[in-house]
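In: Can you look at this prediction? I've put the sequence above it.
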Amino acid sequence: MRVIDIIRSDRVTVSCELFPPKIGQPLHDIRRVVREIAQLQPSFISVTCGAGGSTGDHTVEVAREVQVENGVTALAHMTCLSTARAEILTTLEKLREYGVENILAIRGDLPENRESLRMDYAHASDLIGEIRRFGGFSVGGACYPEGHPESESKRADLDGIRRKVDAGCEFLTTQMFFDNNILYNFLFRLLKHGIQVPVIAGIMPVTREKQVKRIFQLSGTTVPPRFRAIVDRFSDNPAAMKQAGIAYATEQIIDLIANGVSHVHIYTMNQPDIAGSIMLNLSEIFR
Ligand code: FAD
């Protein structure tokens, strides 16, 4: 099924993200992760892709596992910055062959060594246009409630999003955020800028100290005092940190849905038990 058709319905949707193993690493662990997440019956499962290119990892195989072996709608991520057009077209053929109908088209982060860039596509909007010309896919893009770090201003950021929508992007998935007011403010600005495609709110359950450090280093992600207090109090107690992280994500989602945000995407970090706990906490709300 197409993601755009799933999220156009009036229902609350909850989807999950997982990442494939690096090339050369076995697929059996991820098969278990896919199976366990599929058993939670999410609206769809997205599979990330390395910034190195569309065929640089196991994204296509894992998307196939989601769609064909587990019968859940798959959304394959595809990056373009370091990928030649011929490779993109080959990947699109493969996804079509496997019956995967959905792509999250993203640029990828700029590598330190810019010489590896092929630059057939400089921006996500270029890739989105290519996929729409190829045909047969529902295409989404990324967005950043606090602005993409490379954007000169919030307005320039919105212009970048508009280019994606004009190129054929049908829905947007957000970067993680820990303060819902930041999302509400962003949604308001999107509407004011005439951008009306559905937005899926990306929620990251932060359950380990290692994750916390990385998030604190991520430029542009605001860490609210309430979240910081949880981390200060529980980060040296892994079981308590996990419980608090699940509770924080659960509360964030309840507030989003109560305020009319109907589509939530859980960054599972390949941990079905964490996604499962959140979905259990919200079983009546997601019904
Ligand atoms: P773009 O839309 O190309 O935007 C990048 C910057 O360029 C922005 O500042 C934008 O304002 C600006 N811009 C856009 N168009 C133009 C233009 N025509 N002229 C000038 N400036 C322009 N990375 C991965 O490697 N793999 C993944 O699987 C992955 N999944 C992600 C999923 C989500 C939901 C999100 C939010 C991010 C994901 N990323 C992933 C990270 C992403 O690759 C980086 O954030 C990257 O730096 C930007 O990607 P983009 O698609 O938003 O780029």
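Out: Sure thing, it's come through.
In: Get me the contact residues on the stretch 51-200 of the chain for the ligand.
Out: Residues of the stretch 51-200 of the chain lying near the ligand by Cβ under 6 Å from any ligand atom: 51, 77, 79, 104, 106-109, 123-125, 142, 148, 150-151, 156-157, 160, 163-164, 173, 175. Using the backbone N, CA and C atoms, a C-beta is placed for each residue, glycine as well.
In: now the longest helix along the chain, how far from the chain's geometric center?
Out: In the chain, taking DSSP state H as the definition, the longest helix is helix 238-258. Put simply, helix 238-258 sits 18 Å off its chain's centre (Cα atoms, centre = their mean, to the nearest Å).
In: in that helix, what's buried?
Out: Going by neighbour count (16 or more other Cβ atoms under 10 Å), the buried part of helix 238-258 is 241-242, 244-246, 248-250, 252-253, 256-257.
In: For stretch 48-55, give the mean pLDDT please.
Out: The average pLDDT for stretch 48-55 rounds to 67.
In: Nearest to the ligand within the stretch 101-250 of the chain, name that residue for me.
Out: With Cβ to the nearest ligand atom as the measure, residue 160 is the residue of the stretch 101-250 of the chain nearest to the ligand, at 2.7 Å.
In: So that residue is in contact with residue 152, correct?
Out: No: Residue 160 lies out of contact with residue 152 (Cβ atoms under 8 Å); the separation is 10.2 Å.
In: Those two: which is more packed in?
Out: Counted by other Cβ atoms under 10 Å, residue 160 and residue 152 do not tie: residue 160 has more neighbours, with 20 against 9.
In: For that one, pull up the helix or strand it's in.
Out: Here residue 160 sits within helix 154-167, counting by DSSP states H and E.
In: Residues contacting the helix or strand following that helix, please?
Out: Per DSSP H and E, helix 154-167 leads on to strand 171-174 as the next helix or strand towards the C-terminus. By Cβ atoms under 8 Å, 6 or more residues apart in numbering, the residues outside strand 171-174 that reach it are 3-4, 7, 46, 104, 138, 140-145, 161, 164, 183, 186, 197-202, 265.
In: from the chain's centre, how far out does strand 171-174 sit?
Out: Distance of strand 171-174 from its chain centroid, counting by Cα atoms, centre = their mean, is 8 Å.
In: starting at the chain centroid, how far to the following helix or strand past that strand?
Out: Next in sequence after strand 171-174, counting helices and strands by DSSP H and E, comes helix 180-192. In terms of Cα atoms, centre = their mean, the centre of helix 180-192 is set 18 Å apart from its chain centre.
In: what angle sits between helix 180-192 and helix 238-258?
Out: Between helix 180-192 and helix 238-258, the angle comes out at 30 degrees (axes from the mean of the first three to the mean of the last three Cα atoms, to 10 degrees).
In: For helix 180-192, give me every contacting residue.
Out: With Cβ under 8 Å, 6+ apart as the test, helix 180-192 has contacts from 143, 145-146, 154, 158, 161, 174, 177, 196, 199, 201, 222, 252, 255-256, 259, 261.
In: And for stretch 27-42?
Out: Stretch 27-42 is contacted from outside by 14-16, 18, 20-21, 45, 58, 61-62, 65-66, 69-72, 266, 268, 270, 272, 275-276, 279, using Cβ under 8 Å, 6+ apart.
In: Write a ChimeraX command that selects only the buried members of those.
Out: Filtering these down to the buried ones (16+ other Cβ under 10 Å) takes a single ChimeraX command:
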select :14,15,16,18,20,21,45,58,61,62,65,66,70,72,266,268,270,272,275,276,279
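In: Filter the contacts of stretch 27-42 down to the ones in strands?
Out: In strands, defined here by DSSP state E, the members of those are 14-16, 18, 45, 266.
In: Could I get the CA-only coordinates of stretch 137-148 as PDB?
Out: Presented in PDB, the C-alpha positions along stretch 137-148 are these (Å, rounded to 0.1, in the frame of the first residue of the first chain):
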ATOM      1  CA  PHE A 137       6.200   5.400  -6.100                       C
ATOM      2  CA  SER A 138       4.800   7.400  -3.200                       C
ATOM      3  CA  VAL A 139       7.600   9.800  -2.300                       C
ATOM      4  CA  GLY A 140       8.300  11.500   1.000                       C
ATOM      5  CA  GLY A 141      11.000  13.800   2.200                       C
ATOM      6  CA  ALA A 142      12.700  14.900   5.400                       C
ATOM      7  CA  CYS A 143      12.000  18.100   7.400                       C
ATOM      8  CA  TYR A 144      13.500  19.700  10.500                       C
ATOM      9  CA  PRO A 145      11.200  21.400  13.000                       C
ATOM     10  CA  GLU A 146      14.200  23.500  14.200                       C
ATOM     11  CA  GLY A 147      15.600  24.100  10.700                       C
ATOM     12  CA  HIS A 148      18.200  22.100   8.800                       C
END
